[in-house]
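**Student:** following is a predicted model, sequence given first.
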Amino acid sequence: MPCERKPMRYGHSEGHTEVCFDDSGKFIVTCGNDGDVRIWEGLDDDDPKFITVGEKAYSLALKNGKLVTASSNNTVQIHTFPDGDPDGILTRFTTNATHVVFNSSGSRVAAGSSDFMVKVVEVSDSSQQKTLRGHEAPVLSVTFDPKDDFLASASCDGSVVVWNIEEQSQLISWPVLQKTNDISNAKSLCRLAWQPGTAKFLAVPVETKVHLYERGSWDHVSTLSDDLQTQLINVVAWSPCGQFLAAGSVGGSLTVWDVNSKLCVERQKHEKGFTVCSLAWHPSGSQIVYTDTEGCLGLLDGLSTSTSNTNTTKQAPAKKAAKDYDDLFDDDDDDRLMDEGLSETNSPVKKPITGDDDDDDDDFLMPATGRVRNRGAILDDENSLDTGSLKLGQDKFGDDDDTGSVVVPAAAPLVPMRPVYEGPMPTAPQKAFQPGSTPAHLTHRFMMWNSVGIVRGYNDEQDNAIDVEFHDTAVHHAMHLTNSLGHTMADLSQEAVLLACPSTDELASKLQCLHFSSWDTNKEWMVDLPEGEDVRALCLGQGWAAVATSALMLRLFSIGGIQREIFSLPGNVVCMVGHGEQLLIVYHRAPGFDGEQALGVQLLQFGRKKRQLINGEPLPLSLQSHLSWLGFTAEGTPCYVDSVGVVRMLNRSLGNTWTPVCNTRETCKSKSDHYWVVGIHENPQQLRCIPCKGSRYPPTLPRPAVAILPFKLPLCQTSTEKGQMEEQFWRSVLFHNHFSFLSSSGYEIDEDGQSQTQKEQQELLMKMFALSCKLEREFRCVELAELMTQNVVTLAIRYASRSRRMALAQRLSEIALEKANQIQEEEPEEQEEEPEYSGVRRTSGYGQSEVTGERRSNRRDREEEEEQAEELREEEEDGQEMETEEAAETTKRVNPFAKEAVSSVTPSLTPIGKVGRANPFKVLGSGKPSSSSGLPRVTNILDNMTSSRKSSPLSRSAGIPSKGPVLKPLAPRPKTKTQSTLLQMNGTKAASKKTPENTQPAADQQKQPEVPPPASPADNTENNRPKTGFQFWLEENRKSITADQPDLEETDIIKEAMGRFRTLSAEERLSWTERAKGQTGDAADLKKRKRAGGGAENDNGQVEADENSSKKKKSLDPSSKLSAFAFNKN
C-alpha cells in the first residue's frame, strides 16, 4: 500500500490536538490547546475558518452537521457545522472532559472525564443521560459499538472496560494498561476504536501492539504487531471499510495493518518524530490525516484500501510469475517487509496494490534496493503459512483457483516468522500493595486505615505531608508529619508508625519508625536498605516490624530498631500484615494464566517458640480475581478479600483451610459499587467496611463512614429452616475457633463469651435434632448427636423417648456412653501432646472441642454445674425406683471418668447377660480407689457428667452446662472391646481444678459399683442393696398417698411419690438420705468393693455398697430399658 506523506503544517499552538474529517470528506476539522476549532478545506488551506469554544479544546467529534467539543470549562458543548453557531451545552462534569465521540448514527454522544465518569447523552434531548461509574482514575478514551449496544472506555486506572449502555453496567474489564494518576502523566492516550460496519472487533492499543477483542465473547482473539514498531501506540483508527487499522505512536511512527492477514501494509514516520495524538481516515479510505502534540497537521495520501483496487493487477503475468519467478516473489516480499516508507514514497516500485500480489515489474526492481534481507522471513518458510495468509488469498481471488494458488506462496513469507502460541496467556502479576491503602498515584490518599487509626498522605503543589489520626485518642494524639523523604507506604499499631519510601537515583530506600509508645526520649529511628533493594511491603506486630523487599527478602526489626531475623521469600511479595505474634505474607508462587493470580501464603508465629503455621500453601481466590485486602480479625484470625468481594477466613480446626464467610457483592446495589474493607471482628461478628459508590476505594474527603456487614457462609438452601440453622451453627463454630487458638498460645480468653457460644451451638444442635425428629430422619438425628456434648445428648434422649422413638433413644444412649469413654481415653494423650490447634477428631468430623469449645474450668461454669447437679440429684432420687427396672442383665455402669493406669479389663471376664458388665476402666493392681483421680464412682454416666465438676481436684471438667434437667442414658449392651472411637469432648485444658466438696450429698446417688470378681455373680442381688433416701421416704408416706388416691397403680404411686419428694427442701431430702445410710452400712459389703490389688476404699466403698444393694433386679423386657426416660410431666 504505497502512499505519499505530505509535509506537516502548523495548525494550533503547542499541546494536544485532535482532528477529524466531516461526513463528506470535504473538510478537515481540528481543535487544540488554543481553544479554537479550525475548519480546513485541505492541507494547503491558508485561511481556515475557526470557532472559539473555550480556553482549551481537549476533544472534538463531528456528525450530521453537529460539532461536539470538550473544553476547559468542564462542559461538552455543541455547535452547528460548518457555520459554528453555539447550540447549547450537552453535559457538564466536575473536571474537564477528556474525549468525546458520536455513535454511528449521530444520535448520541459519549464523553469521558477526569472525574472518572463516562456519560452517554442523547443529542436531541440532553436531559436523557446515562452515567457509567466504575473507573478509578481519569478516563482516557471512549468509543461506541457501531450497533449502539455497548460502549468501551479506557482509563488511567489501567483498565479497558466494556459497558452495557442500557443497564449502565460493566460487562468486562481488561487490566492491560499502565496505571497513572492523570492524563498528563499517561504514557499513551489509548484511543480505542471499534470496527465499523460489522462491529466484530474492538481495537485496544497496548504498549507497542494492538489487541483485537471479539464483540460478544470479549475474547482476545489476535494481536497486530510489527517488529519495527518499538514505540508505545497512542491512537488507532479503522478505515471506513473496516479492513485496515491505522495506528499512530508516541515516537511519531504511523503503521497500517490489514486486519484479515494481520500484515503490516504501510509504515510511515513523522518528519520530526513528534507524538501522533490523533488520526482520522477520509470517508473514501484514500487519505489519513493526523496531528501531533506540537499542534501540527499532516496527511498521508494515495492509500488504496478498497478491495476493488487490489484486483486491478494483471492476472496473466501473475500466473506466469508464479511458475517462473517464485524466488523473485520471495525476494520482493522480504524486502517489502523492511520498507518503512522512508525512501521516495512515490517511486514507481510502489503501485496501489496490497503487499501480497505484486506486479512482475516489482520482481526485478525490488532486489535492486540493496536492503538487508529480513532473515526471519526466510528461516521458516514451510511453517510460515498460517490461516491469515490462506484467507487473504481466497479473499482477493476467490473466483479463480489458479490465481488463488499464486497468492499463497507469495504471501507465506510475509507472516511474522515466530512460532504461534495459541494456549492460555499469562496474567500480568498483581503489584505489591499495603492492605487498607488507596493507590499511590492519587494526590490525596489513605496510606493506611486499620483498627488502630488512619494514616493519610497529601502530595500536591502546596504540601507533601502525612497525617496520623487514632480512633482512640487515648493511644496517642494525632500527628502531622512532613513527608520530605517521599514515603509511599505506612503501617500503624498501638506502639508505632512505620513508614517507607522507594529508592531514588541518589538515595537508598528508607524505613522510618516513629515509636511513640517508647518510654525514653528518642522515639524515632531510621534504616537505609542496601543498594538496589526497595521496600515492597511492611507491617507492624507486637514489639516487632517486618519489611519485604524487592530482593525477595524479609527483614525483621524489633520495635526499638534492633535488626532481627532475616529470611528469603519464595516469590515477589504482594502484601503482608502483622497481628500480635503472627505475620501473614502473600507472594507470587508462579505466573497465573487466563486472568488468574497464582499466590502463595505463609503464616509465621513469633512467640516463645517461633514456628511457621502455613508454609507456602496456595491462596485460594475467586476466578479471574486478584487480592484486594489482607488482614487479621481483631481476635487474630487471618482473613482476606479478593476483587470479586469474597471474604475468606482461616479455619484452624479444618487443617488451616480457607472458608468463605461473606460476599460483599451481594449487598451492592450496582455493579460499579464496592465495599472497601477496613477490619473484621469475630465476636461480635462484624465486617467493617466503607461503601464506595461507583469506585473501588473511598476519597479522603469528606471522611467516609464505616458500614457493618453481616457474615454468611455460602451453604446450600439457606432459605430453608434447616439450611439457616446449619449455617448459623457452622458459622458459630468457625468464628469461635479463636478461643482454642488464643488459649493454646497462652492468652487469656473471655470465658463467659466462650461458654455463651457453646451454649448457643448446643441449642442450635438441639433445634436441628428436633427438626430431624419431626421429619423422621433418625439417622440424621444420630449424626447430630455426634456433634453434641454429653449433657445435650441426654436431652436428646429424653426428647426421643418422649417422641416414642425407642430405637433412636437406645442409639443415643450408646453415643452418650461412648462420649464418656472417649473423654476418658483422650485425657492421658492430651496431657502429653503439645497444645496445637485441635485437628480433626474422629466421630464428628470437626473435633468436638471445636464444636463445644475448650475444657472450661472457670468458676462460673462450676457454679452452673453445681446447680445442675443439684437438680439432677433430685431427679436421681426420684428416679431410683424406676432405674431398678432398667435392664435385665443387672448392669453395672462403667465409670467413664476414672483415669486408666493399666490396660482395661476385657468384658470376657464376666459372663455377659448374667451378672454385670465388666468395667473397662478398672485399674488392676494399683491398690488405689477405683478412680485414680479421686472421682467418686457414679451410677450413671450422666450423674457423673454433672457431679464431676465439683468432685475432685484431679478430675477433668466433664461437659458443657446445659440448662434444664439432664437425663440419664441407658447403658448399652457391652461391646467386645472397650468403647473405641475417640471424641474429644471439650477442649484442651489439663485435668484439674475441681474440689472434692460434694462427697456427702451427691455421694448417695452418684457412686458407681465396681464390677465384682467373676467368681461371685450372686453378690449383686436385691437383698444386699441398701435403700435410698427416697425409698425410705416412700415407705413412710406410701399410706398417705394411697389414702389420697386409692386407685393408683404401683408405677403411678412411685411417680406421685417422686413429685412429692421433689417438693421437700434440700435439707429434708438430705436427712432422709443420711437415715438410709445409717441403717444399711455393713462391713461385708465393704470388703466386696476392694480393688483387685487391695487397698481400702473407706468412704467411697461404703457408699458404693449402699448403692449396690439398693438396686432391684431388673426386668428382661428390652423396652423397659427406656423406662428411665418416661419422666412425669410436672
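**Tutor:** Right, received. Where do you want to start?
**Student:** rest of the way, CA atoms for contacts and neighbours
**Tutor:** Fine.
**Student:** now do the buried residues in stretch 659-670.
**Tutor:** For stretch 659-670, burial by neighbour count (16 or more other Cα atoms under 10 Å) applies to 659-665, 668, 670.
**Student:** same deal with stretch 591-599?
**Tutor:** 592-593, 595-599.
**Student:** take these and keep only those in strands.
**Tutor:** When the buried residues of stretch 591-599 are checked against strands (DSSP state E), the matches are 598-599.
**Student:** which residue, neighbours along the chain excluded, lies closest to G561?
**Tutor:** Leaving aside its sequence neighbours, G561 sits nearest to W525 (Cα to Cα, 6 or more residues apart in numbering; 6.4 Å).
**Student:** so that neighbour touches S518, yeah?
**Tutor:** No. W525 is beyond contact range of S518, at 11.5 Å (criterion: Cα atoms under 8 Å).
**Student:** what do these two both touch?
**Tutor:** G560 (Cα atoms under 8 Å, 6 or more residues apart in numbering).
**Student:** report the beta-bridge partners for Q605.
**Tutor:** Counting by DSSP bridges, Q605 is bridged to Q582, R611.
**Student:** hang on, N791 in a strand?
**Tutor:** No. N791 sits outside any strand when classified using DSSP: H, G, I helix; E, B strand; the rest coil, being helix.
**Student:** number of nearby residues for the nearest residue to S71 once chain neighbours are set aside?
**Tutor:** Nearest residue to S71 in three dimensions, chain neighbours excluded: A57, at 4.4 Å (Cα to Cα, 6+ apart). Applying other Cα atoms under 10 Å, we find 27 residues neighbouring A57.
**Student:** and A57, what does it touch?
**Tutor:** A57 neighbours (Cα under 8 Å, 6+ apart): 31-37, 69-72.
**Student:** any idea how far it is from D34?
**Tutor:** 7 Å (Cα to Cα, to the nearest Å).
**Student:** that older thread, closest one of the buried residues of stretch 659-670 to L771?
**Tutor:** Nearest to L771, judged by Cα to Cα, of the buried residues of stretch 659-670 is V661 at 25.2 Å.
**Student:** any weak-confidence spans in the stretch 651-800 of the chain?
**Tutor:** For the stretch 651-800 of the chain, no stretch has pLDDT under 70.
**Student:** residue ranges of the helices in it, please?
**Tutor:** 721-735, 737-744, 751-774, 778-787, 790-802 (DSSP state H, counting those that start in this stretch).
**Student:** what packs against the longest one?
**Tutor:** Packing partners of helix 751-774 (3 or more Cα pairs under 8 Å, 6 or more residues apart in numbering; DSSP states H and E): helix 721-735, helix 778-787, helix 790-802, helix 848-852.
**Student:** one more time with 10 Å
**Tutor:** helix 721-735, helix 737-744, helix 778-787, helix 790-802, helix 848-852, helix 859-883 (3 or more Cα pairs under 10 Å, 6 or more residues apart in numbering; DSSP states H and E).
**Student:** what angle do it and helix 790-802 make?
**Tutor:** 20 degrees (axes from the mean of the first three to the mean of the last three Cα atoms, to 10 degrees).
**Student:** and what of the fourth one?
**Tutor:** With the same axes, to 10 degrees applied, the angle from helix 778-787 to helix 790-802 works out at 160 degrees.
**Student:** cool, and the first one?
**Tutor:** For helix 721-735 against helix 790-802, the angle between stretch directions is 170 degrees (the same axes, to 10 degrees).
**Student:** can I get helix 721-735 in CSV? Just the C-alpha atoms.
**Tutor:** Output of helix 721-735 as CSV, limited to C-alpha atoms (Å, rounded to 0.1, in the frame of the first residue of the first chain):
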residue,chain,number,x,y,z
GLU,A,721,-35.1,-23.6,58.3
LYS,A,722,-32.6,-26.5,58.2
GLY,A,723,-30.2,-24.5,56.0
GLN,A,724,-30.4,-21.5,58.2
MET,A,725,-29.6,-23.4,61.4
GLU,A,726,-26.8,-25.3,59.7
GLU,A,727,-25.3,-22.0,58.5
GLN,A,728,-25.6,-20.4,62.0
PHE,A,729,-24.1,-23.5,63.7
TRP,A,730,-21.1,-23.8,61.4
ARG,A,731,-20.5,-20.1,61.4
SER,A,732,-20.6,-20.1,65.2
VAL,A,733,-18.1,-23.0,65.2
LEU,A,734,-15.8,-21.2,62.7
PHE,A,735,-16.0,-17.8,64.4
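**Student:** how about that helix: buried residues?
**Tutor:** Applying 16+ other Cα under 10 Å to helix 721-735 flags 724-735 as buried.
**Student:** from the contact counts, what lies against that helix?
**Tutor:** strand 646-651, strand 657-663, helix 751-774, helix 848-852.
**Student:** rerun at 7 Å
**Tutor:** helix 751-774 (3 or more Cα pairs under 7 Å, 6 or more residues apart in numbering; DSSP states H and E).
**Student:** and if you look at the fourth one?
**Tutor:** Using 3+ Cα pairs under 7 Å, 6+ apart as the contact definition, the elements that helix 778-787 packs against are helix 751-774.
**Student:** I1054 sits in which helix or strand?
**Tutor:** Assigned by DSSP states H and E, I1054 falls within helix 1050-1063.
**Student:** just the C-alphas of that helix, formatted as CSV.
**Tutor:** The C-alpha trace of helix 1050-1063 is given here as CSV (Å, rounded to 0.1, in the frame of the first residue of the first chain):
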residue,chain,number,x,y,z
GLU,A,1050,-47.7,-49.2,91.6
THR,A,1051,-45.9,-47.2,89.0
ASP,A,1052,-48.3,-44.2,89.4
ILE,A,1053,-47.7,-44.3,93.1
ILE,A,1054,-44.0,-44.0,92.5
LYS,A,1055,-44.5,-41.1,90.1
GLU,A,1056,-46.7,-39.4,92.6
ALA,A,1057,-44.2,-40.0,95.4
MET,A,1058,-41.4,-38.6,93.2
GLY,A,1059,-43.3,-35.4,92.7
ARG,A,1060,-43.9,-35.0,96.4
PHE,A,1061,-40.4,-35.9,97.4
ARG,A,1062,-39.1,-33.3,95.0
THR,A,1063,-41.1,-30.6,96.8
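**Student:** mean confidence for that helix?
**Tutor:** The average pLDDT for helix 1050-1063 rounds to 84.
**Student:** quick one, the helix or strand following it and helix 1050-1063 angle?
**Tutor:** Once the chain leaves helix 1050-1063, the next helix or strand it forms, by DSSP H and E, is helix 1066-1080. Relative orientation of helix 1066-1080 and helix 1050-1063, computed by the same axes, to 10 degrees: 120 degrees.
**Student:** helix 1066-1080 - what's its average pLDDT?
**Tutor:** 78.
**Student:** and that helix, what does it pack against?
**Tutor:** Partner elements for helix 1066-1080 (3+ Cα pairs under 7 Å, 6+ apart): helix 1029-1044.
**Student:** quick one: buried residues of the helix it packs on?
**Tutor:** 1029-1031, 1033-1034, 1038, 1041.
**Student:** just say helix, strand or coil for A152.
**Tutor:** strand.
**Student:** how about it: what's its closest non-neighbour residue?
**Tutor:** Once flanking residues are discounted, A152 sits nearest to V162: 4.3 Å by Cα to Cα, 6+ apart.
**Student:** what's the burial count for R777?
**Tutor:** The tally of other residues near R777 (other Cα under 10 Å) stands at 13.
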